[in-house]
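K.L.:
A structural model of the following input is requested.
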Amino acid sequence: MADFTQILATRPDFDESDREWLHHLVADWQVIADLSFADLLLILQDGNGDYLVAEQCRPSTVATLRAEDVVGKPVPEDMIGELDAAMRSSVVFRSTVLRNVGKSTVCNVYAPVRHNGKTLGLVVRETNMATRESNGRNESESINAGKQLYEMIPRGQFPYLDSVMSQRHNARVADGFIILTEEGVVRYASPNAISCFRRLGSLDLMQGKFLSEIGTQLLHENDPLPESLPLVLSGKAAVDSELNANSSAVSMRSMPLYDTNGRTGAIVLCRDVTELRRREQELQTKDATISEIHHRVKNNLQAVSALLRLQARKTKSEEVKKELEEAQRRVQTIAMVHEGLSQTADEIVDFDKVISNLLKMSVDLATMRDQHISIEYVGQFGMMPAQDATPLSLVLTELITNAVEHGFEGRKEGHIIISVGRSGSNLNVVVEDDGSGLANEESHGMARSSGSGLGTQIINTFVTNDFGGSVHWEPRREGGTRVVLDMKLRAAQNQ
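P.N.:
Here you go, the predicted model:
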């Protein structure tokens with residue numbers, strides 16, 4: 001079944017601005033469906049001239065007429081005559097026939113979607129006639145506002161060309177709506193909208209008053225005042241904003257209403273986002289605390305690393321000095337992972353960035369003054385949780401250090417290639433060098449030890465025990481050594 005994008009692709013006569021207009025329309029037509037208590041269908045002709053349902057919108061304020069998806073399906077033949085007539089119309093076209101959708105009696109109304117002087121398609125409003133019986137003031141005002149927005153479609157006044165949307169939690173019709181006159185006076189406010197302003201501290205009746213005055217009276221001297229707030233409160237532009245007062249927050253969106261002569265008023269949607277903002281603030285505090293913890297851990301580890309470095313300089317034993325330098329390098333490795341964690345709100349790091357710095361440091365520490373060892377990366381590790389990033393960084397630095405110390409011993413230059421393949425929680429890493437060969441780097445299936453053998457233990461313990469993987473040492477075809485790591489990331493399995 002063809003989707004919206006595929007149906008558009010069958011119309012080469014639609015230029016980029018036509019497609020963009022239709023995308024804007026379906027991105028914003030939920031408001032019309034909710035206000036009108038009606039289902040909406042976007043009907044387009046495909047490349048063969050056949051009418052198809054390109055998109056559909058179900059109302060959230062009333063039960064939908066269509067439980068099944070009809071996108072991509074052809075329109076019934078008995079509707080084609082009406083569709084042809086509606087395509088030729090420049091205004092809203094009303095059907096003279098009531099139809100049945102399921103067990104409901106439905107009245108169809110067609111709004112030609114006009115852009116750049118041509119009709120692109122039709123928005124069909126399917127109204128369940130049962131929703132038009134015994135309506136109160138709230139329902140009547142909502143239906144009338146939806147009708148005004150709907151009638152703006154053929155005139156090219158909806159969707160809005162200059163709409164500015166910046167709020168993270170957009171207000172919806174069910175959250176509350178206010179109808180303004182052309183002057184910005186409140187003609188009607190739904191019960192939920194009144195509740196939003198009660199939360200902000202407004203206790204007076206809203207009807208008959210300027211919404212801008214109601215909003216201004218709620219603000220104190222030091223309260224934040226977004227630049228877009230006056231435009232929203234006056235209903236003069238299609239923008240959104242947020243009103244903060246009385247330790248509460250209400251997200252608002254203004255939707256100007258137009259007729260053939262110009263602006264006639266506006267709809268202002270309201271949503272109480274006080275609890276959402278409180279939770280966001282709590283998360284920001286939590287994230288800042290976690291980042292600070294990682295930052296302090298990094299600082300403490302760097303202090304330990306500095307102490308080990310000082311101790312290494314003081315000792316006269318070359319063997320002890322080498323072991324202390326190895327310990328310092330490992331502590332510094334863990335510190336760099338925590339430095340990456342301290343710079344993000346999540347418990348994940350960009351491992352490619354972290355490991356490149358770590359391995360460069362490992363090579364610099366292990367090489368002699370006249371040696372030049374380069375590292376090449378193939379593939380990407382991606383984002384990785386701290387639970388996996390710390391042990392994996394230790395494994396890789398040990399392998400690189402082993403390659404430099406044993407594979408390139410007595411050589412001026414060398415090249416190391418790290419190839420990465422990742423699929424979900426499965427990770428394959430191949431470390432290759434063009435050094436002197438397997439005999440100098442491997443011993444009994446493990447990294448050759450130059451001291452206490454702790455590096456060997458780190459590689460095998462983390463790979464086999466922590467990651468449930470394997471380590472294979474083999475000669476490289478072009479000369480040198482090839483180490484293959486097959487692992488299953490632990491934290492990634494739980495994401």
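K.L.:
tell me, how many neighbours does the closest residue to H115 other than its chain neighbours end up with?
P.N.:
Spatial nearest neighbour of H115, chain neighbours left out: W21 (4.5 Å); criterion: C-beta to C-beta, 6 or more residues apart in numbering. Yep, even glycine has a C-beta here, placed from its N, CA and C like the rest. By other C-beta atoms under 10 Å, 19 other residues sit near W21.
K.L.:
Provide the secondary structure category for the most far-flung residue of the chain relative to its centre.
P.N.:
For the chain, the largest distance from the centre (C-alpha atoms, centre = their mean) belongs to K316, which lies 56.6 Å off. Under the three-state scheme (DSSP: H, G, I helix; E, B strand; the rest coil), K316 adopts coil.
K.L.:
residue ranges with poor pLDDT in the chain?
P.N.:
By pLDDT under 70, the weakly predicted segments of the chain are 1, 287, 290-291, 294, 336-338, 340-347, 365-369, 440-455, 491-495.
K.L.:
Could I get the full set of strands for the stretch 301-450 of the chain?
P.N.:
Along the stretch 301-450 of the chain, the stretches classed as strands by DSSP state E, counting those that start in this stretch are 348-350, 372-378, 383-385, 413-423, 426-433, 442-443, 446-447.
K.L.:
Let me have those strands in a markdown table, adding mean neighbour count as columns.
P.N.:
Shown next, in a markdown table, are these (neighbours: other C-beta atoms under 10 Å):
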| stretch | mean neighbour count |
| --- | --- |
| strand 348-350 | 22 |
| strand 372-378 | 14 |
| strand 383-385 | 20 |
| strand 413-423 | 17 |
| strand 426-433 | 20 |
| strand 442-443 | 17 |
| strand 446-447 | 20 |
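K.L.:
For Q311, find the nearest of these.
P.N.:
Nearest to Q311 among the strands of the stretch 301-450 of the chain is strand 446-447 (25.2 Å), distances taken as C-beta to C-beta.
K.L.:
Now the element after the closest one, going C-ward?
P.N.:
On the C-terminal side of strand 446-447, the nearest following helix or strand under DSSP states H and E is helix 454-460.
K.L.:
In that next one, which residues are buried?
P.N.:
By 16 or more other C-beta atoms under 10 Å, the buried positions in helix 454-460 come out as G455, T456, I458, I459, N460.
K.L.:
Could you identify the helix or strand that succeeds it?
P.N.:
Sequence-wise, the next helix or strand downstream of helix 454-460 (DSSP H and E) is strand 470-475.
K.L.:
Which residue comes closest to I7 once chain neighbours are left out?
P.N.:
Excluding the flanking residues, the one nearest I7 by C-beta to C-beta, 6+ apart is A54, at 4.8 Å.
K.L.:
outside of stretch 136-145, which residues touch it?
P.N.:
Under the criterion C-beta atoms under 8 Å, 6 or more residues apart in numbering, residues 34-37, 61, 131-132, 135, 173, 177, 179, 188, 190-191, 257, 267 lie in contact with stretch 136-145.
K.L.:
burial of A303, as a residue count?
P.N.:
When neighbours are counted by other C-beta under 10 Å, A303 registers 12.
K.L.:
Let me know the distance separating it from I214.
P.N.:
According to C-beta to C-beta, to the nearest Å, A303 and I214 sit 58 Å apart.
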